[in-house]
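*Asks:* next one to model:
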Amino acid sequence: MDALARRKKIAELIVDSATPLTGNELAGVMKVTRQVVVQDIALLRAGGLPIIATPSGYVILEHAVKGRALKVFACRHNSIEKAEEELMIMVENGGKVRDVIIEHPVYGEISGTLNLSTVIAVKNLIQRLKQKDAQMLSFTTDGIHLHTVEGETEAVLRKIEKKLRGAGILM
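*Replies:* Next up, the predicted model:
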């Protein structure tokens, strides 16, 4: 398979997948290295395909949330355990956590795409944070960060807000 056909197939797999696909999964299907997939993804993005990398794998960016509600929550905590509690509150109550955003003192706004909507996705993210001994983005901002959360209705977002406040996470 030539490079052009391979990129077309990778794009089709990501567009058609109901769940994120990791670079390793795509590499296995395409019988190439993960680095080749990463380069192909970069070329597909440059060509205009809205692929984003999430902690769970590659997905197509949703351009619109027609008929859905969005809210940005300002949160504060300083541990991975509290991060897990926070994210679980959001997804268990019908939210989709789109991102995490911090205001860095030097670089300005920094965001990371999450696209978490299931308990399993949250558990996988927390597990990777613990395995990699990685710092959360909010480590540099004394635990202060934002999450953009999507819900079916405003009532879903109000319920999430109430539970975050009750857990002492909401600012």
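*Asks:* point out where the chain drops to low pLDDT.
*Replies:* 62-67, 133 (pLDDT under 70).
*Asks:* can you map out the helices along it?
*Replies:* 3-16, 23-30, 34-46, 80-92, 119-131, 154-166 (DSSP state H).
*Asks:* contacts only, for the residue positioned nearest the centre of the chain.
*Replies:* Closest to where the C-alpha atoms of the chain average out (C-alpha atoms, centre = their mean) is residue 114, at 1.0 Å. For residue 114, the contacting residues are 54-55, 97-100, 125, 147, by C-beta atoms under 8 Å, 6 or more residues apart in numbering. To be clear about C-beta, it is placed using only N, CA and C from the backbone, and glycine gets the same treatment.
*Asks:* what domains does the record give for the protein?
*Replies:* For the chain, the structural domains run 3-60, 69-166, going by automatic domain parsing.
*Asks:* hang on, the earlier thing: of all the helices of the chain, which one comes closest to residue 69?
*Replies:* helix 154-166 (4.7 Å; C-beta to C-beta).
*Asks:* what's the angle from the closest one to helix 80-92?
*Replies:* 160 degrees (axes from the mean of the first three to the mean of the last three C-alpha atoms, to 10 degrees).
*Asks:* how far does helix 154-166 sit from the chain's center?
*Replies:* Centre-to-centre, helix 154-166 and its host chain are 20 Å apart (C-alpha atoms, centre = their mean, to the nearest Å).
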